[in-house]
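Engineer: Here is my input; please provide its structure:
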Amino acid sequence: MNTSGNTGRRRRASCGSVCAITLGCPRNRVDTEVMLGDLLSAGYALAELPEDADVVLVNTCGFLVDARKESVAVLQEAARALRPGGRLVATGCMAEKFRHEIESSVPEAEVLAGVRDLLALRGRLEGNPRTGPAVSPTAANPRLVTTGANLAYLKISEGCNRQCSFCIIPRIRGRQRSRPVDDVVAEALALAGSGVREIVLVAEDLSHWGADLPDAPRLASLVGRLADAVPEGTWLRLMYVYPRDIEDELLDLMAGHPAVLPYLDLPVQHGDDGVLRAMRRGTTARALTGLVDRVRARVPGVVLRTTYLIGFPGEDDAAFENLRRFAQQTRFEMAGVFAFSPEPGARAALLPGQVPATVKRRRKSILEDDLSGIAAQARESLVGQVHAAVVEVRTGGLTEGRLWFQAPEVDGCVRISGGKLSQGDRLDVKVTGFSGSDFEARPVGRGKA
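Structural biologist: Model (predicted):
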């Protein structure tokens, strides 16, 4: 594991050890890394297993009902694994917004700390009842990177100002708070200095970064600064880019700067105007199609990822067919499908026209089949091409990694045959086949990647 910031990693027996379990999105992982960095810098030791730890920290997800069920199940499992005298801590989104569900289901959870309490957790463990200010961690805060030696997520803002009717993130994490350019660059350089060669920029709303800062800088200015500052060979990847306010300058960086991968995650959610309007997305299917066309025209070879939300209230058969046509027209290379869940506090939970669960399951299956066919055609076109790859796992004769257009944790892997490779290696490979979202490839040399 790498560190950024100033952890110090002093050991004091009085502090004990901590084991952390992270659920949910990469943004949650960054929060865990900040909490671990703060605890380790104060003298806690790191434990790999809950049964070996004095403190077991479960960073929960509260975005969807299924995620909350998983969080409770993991907390209960952690409670059963506690050794005598061990302490269970629940942090994160569910602890922020749905703490009553944790208190009623997991009475063993001794400390509950929400998303605004990251840097106050240590004080609460030591008997200080204060919750601390609602601020985002900065580059000056210790952070223990848990994604391996070569990869790290970099959160550039906290919270969201959008008003999507299905989403409760603004109620959980509050209004957007962007980190200043110099602070983000400082953390990126610290990560690169520790050996990280792929930095994934994340936020609740990446494209709106900077709107709340003095002079309202745009995302392109931040990405340009980062691209020029990081060492040669570093990859910068953009995730969770809201499909509005995307500048040509940003696309030009993707097309022309070697550090900025031509990869864009655009969660469009739907392709029917009526549903998009009810979702309060502030766009139309035609505008979204135009955006996709503009991105592809401006960034040759770009790879696009998206997410679709089916079964939204009022989504009738005609709206669903519009979504299917939109998916066929835009042909995103990577796509995920989620079924609408009426979340407490979300406006959409009270809308008329709720779609039955059986219909949602059927539509999800149909759309996934459509998207599988689209993805298979895109992957077939890659067979025989040469692309840069990074090695992530090397065990015996098995070598697994990711091609440059595969984002970590969501876009599958590449299995590389032959060659004497080590974890972290970058190399050019020739794609020889694929199965589902995974590729097979063989090395073609150690050219610059």
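
Engineer: now the strands: where do they sit in the stretch 301-449 of the chain?
Structural biologist: 303-310, 334-339, 386-395, 398-403, 414-416, 426-435, 438-445 (DSSP state E, counting those that start in this stretch).

Engineer: What segments of the stretch 1-150 of the chain are helices?
Structural biologist: 26-41, 65-81, 93-97, 99-105, 121-125 (DSSP state H, counting those that start in this stretch).

Engineer: and of these, who's closest to residue 348?
Structural biologist: Shortest separation from residue 348 across these is recorded for helix 65-81, at 13.4 Å, computed as C-beta to C-beta. Using the backbone N, CA and C atoms, a C-beta is placed for each residue, glycine as well.

Engineer: Same list, the helices of the stretch 1-150 of the chain, but as CSV with mean pLDDT please.
Structural biologist: Below are those laid out as CSV (pLDDT from 0 to 100):
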stretch, mean pLDDT
helix 26-41, 95
helix 65-81, 95
helix 93-97, 93
helix 99-105, 95
helix 121-125, 89
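
Engineer: can you put those helices in CSV and add mean neighbour count and distance to residue 158?
Structural biologist: As requested, the helices of the stretch 1-150 of the chain are arranged in CSV below (neighbours: other C-beta atoms under 10 Å; distance: least, C-beta to C-beta, whole Å):
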stretch, mean neighbour count, distance to residue 158
helix 26-41, 24, 8
helix 65-81, 18, 19
helix 93-97, 25, 12
helix 99-105, 14, 19
helix 121-125, 19, 16
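
Engineer: can you tell which of those helices is closest to residue 150?
Structural biologist: Taking C-beta to C-beta as the criterion, helix 26-41 is the member of these that comes nearest to residue 150, at 15.3 Å.

Engineer: rewinding a little: as JSON lines, the helices of the stretch 1-150 of the chain with distance to residue 308 would be great.
Structural biologist: Output for the helices of the stretch 1-150 of the chain, formatted as JSON lines (distance: least, C-beta to C-beta, whole Å):
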{"stretch": "helix 26-41", "distance to residue 308": "20"}
{"stretch": "helix 65-81", "distance to residue 308": "17"}
{"stretch": "helix 93-97", "distance to residue 308": "22"}
{"stretch": "helix 99-105", "distance to residue 308": "28"}
{"stretch": "helix 121-125", "distance to residue 308": "36"}
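
Engineer: for those helices, which one sits closest to residue 246?
Structural biologist: With distances scored as C-beta to C-beta, the stretch of the helices of the stretch 1-150 of the chain nearest to residue 246 is helix 26-41 (20.1 Å).

Engineer: Just the CA atoms of the closest one, as CSV, please.
Structural biologist: The C-alpha coordinates for helix 26-41 follow below in CSV (Å, rounded to 0.1, in the frame of the first residue of the first chain):
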residue,chain,number,x,y,z
PRO,A,26,-14.5,4.8,-5.2
ARG,A,27,-15.4,8.1,-3.5
ASN,A,28,-16.2,6.1,-0.4
ARG,A,29,-12.9,4.3,-0.7
VAL,A,30,-11.1,7.6,-0.7
ASP,A,31,-12.9,8.5,2.5
THR,A,32,-11.7,5.2,4.1
GLU,A,33,-8.2,6.0,3.0
VAL,A,34,-8.3,9.4,4.7
MET,A,35,-9.6,7.9,7.9
LEU,A,36,-7.0,5.2,7.9
GLY,A,37,-4.3,7.8,7.2
ASP,A,38,-5.4,9.8,10.2
LEU,A,39,-5.5,6.8,12.5
LEU,A,40,-2.2,5.3,11.4
SER,A,41,-0.5,8.7,11.7
